[in-house]
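Undergrad: 3D model of this:
(one chain, ligands or ions: 1)
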Amino acid sequence: MKEKKAPIGVFDSGVGGLTVVLEMLRQMPHESFIYYADTAHVPYGDREPEELKEFAFSITDFLVQQGCKMVIIACNTSTSIAYQDLKKAFSLPLIGVIEPGVDKALETTKNEKIGVIGTMATVNSGSYQKMLRSKNPRVEVTAMSCPLFVPLIEKGRTAGDEVYQAAYSYLEPMKRTGIDSLILGCTHYPFLLPMIKEILGPDVIPIDPARETVNRAREYLKEAGLLQEEGKALHEYYASGDPESFGLVGGKFLKRDLGQVRGITLD
Ligand code: DGL
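TA: Sure, this is the predicted structure:
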């Protein structure tokens, strides 16, 4: 039986999972966490499923070794490719980002036309398309990959001409399909939210699965008697690539000093 005080493990290919961390800081401010950024392998989006599964297994294993009481897979690509297998292999609670986003979109849409943007691996896996249709067969889904976004966001770039042009080239055609809700199916994308909103206009509602994901994690911990509701939280960050640059970019997005980011290589 794990202790309440044990940390929550959170992982992503890079800074994207910090959009989930932002929600954690809001919804569960007393929880300690260990964040693992697999920046040696970012972007995940163009990689093969087998490789992505291996990364997800070794990171989850590492987080379990650190004594985590739960792991939040703060990455749509890893959730799409590895969630089912991870669930079979690990006994601790695992929370993914796909189902919360799907449920939120189905609750939001009025015309049953939903858009999904994500990485190539997420879109090709069909995870969102299948789950949306299995929960509501009438729904029309348009999915598109946006491979230019993650490398820009990893450099801390969320504004300016280059970013705007990339965003416009993806979102304008998406908007023309008549969708009324758009799932931001990559945890990096909410860092572009102001620009995304500007391009989509008032008729398309962007959906960031982070809020619902963290809400589910919180409910789970509460029911299990594992929610830490007092005391000072400890936040640790690991990066498999350059820890310093992760600290700089991540700190800018979280608007706080990340402290010492530890470099790490898993085999
Ligand atoms: N942030 C991740 C996701 O939610 C992965 C992005 C990438 O590395 O391509 O899919």
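Undergrad: Would you mind putting the CA coordinates of the helix or strand that contains residue 250 into CSV?
TA: Under the criterion of DSSP states H and E, residue 250 resides in helix 243-254. Extracted C-alpha coordinates of helix 243-254, given in CSV (Å, rounded to 0.1, in the frame of the first residue of the first chain):
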residue,chain,number,x,y,z
PRO,A,243,18.7,19.3,-18.6
GLU,A,244,19.7,23.0,-18.7
SER,A,245,17.7,23.9,-21.8
PHE,A,246,14.7,21.9,-20.5
GLY,A,247,15.0,23.9,-17.2
LEU,A,248,15.0,27.2,-19.1
VAL,A,249,12.2,26.5,-21.5
GLY,A,250,10.1,24.6,-18.9
GLY,A,251,10.6,27.4,-16.4
LYS,A,252,9.3,30.0,-18.8
PHE,A,253,6.2,28.0,-19.5
LEU,A,254,5.5,27.2,-15.8
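Undergrad: Give me the contact list for whichever helix or strand comes after that helix.
TA: Note on helix 243-254: by DSSP H and E, the next helix or strand toward the C-terminus is strand 262-263. Contacts with strand 262-263, where a contact means Cβ atoms under 8 Å, 6 or more residues apart in numbering, come from 236-240, 242-243. C-beta here means a position set from N, CA and C on the backbone, and glycine is covered the same way.
Undergrad: let's see 6 Å
TA: Strand 262-263 is touched from outside by 238, 243, with contacts defined as Cβ atoms under 6 Å, 6 or more residues apart in numbering.
Undergrad: Within the sheet, what are the partner strands of it, with directions?
TA: strand 235-239 (parallel) (DSSP bridges).
Undergrad: how about the strand it pairs with, does it get close to the ligand?
TA: No: Strand 235-239 is not in contact with the ligand by Cβ under 6 Å from any ligand atom; minimum separation 13.3 Å.
Undergrad: From here on, call the first residue 542.
TA: With the count now opening at 542, the last piece we talked about shows up as strand 776-780.
Undergrad: Show me the contact partners of that strand.
TA: Taking Cβ under 6 Å, 6+ apart as the rule, strand 776-780 contacts 574-578, 580, 787, 799, 802-803, 805.
Undergrad: try 10 Å this time
TA: Contact with strand 776-780 is made by 548, 551-552, 555-556, 559, 562, 565-566, 572-581, 583, 600, 603-604, 607, 784, 786-788, 791-792, 795, 797, 799-805, 807, as judged by Cβ atoms under 10 Å, 6 or more residues apart in numbering.
Undergrad: just those that are near the ligand?
TA: residue 583.
Undergrad: In ChimeraX, how would I select the buried members of the contacts of strand 776-780?
TA: Only the buried entries of the contacts of strand 776-780 go into this ChimeraX selection, using 16 or more other Cβ atoms under 10 Å:
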select :548,551,552,555,556,559,562,565,566,572,573,574,575,576,577,578,579,580,581,583,600,603,604,784,786,787,788,791,792,795,799,802,805
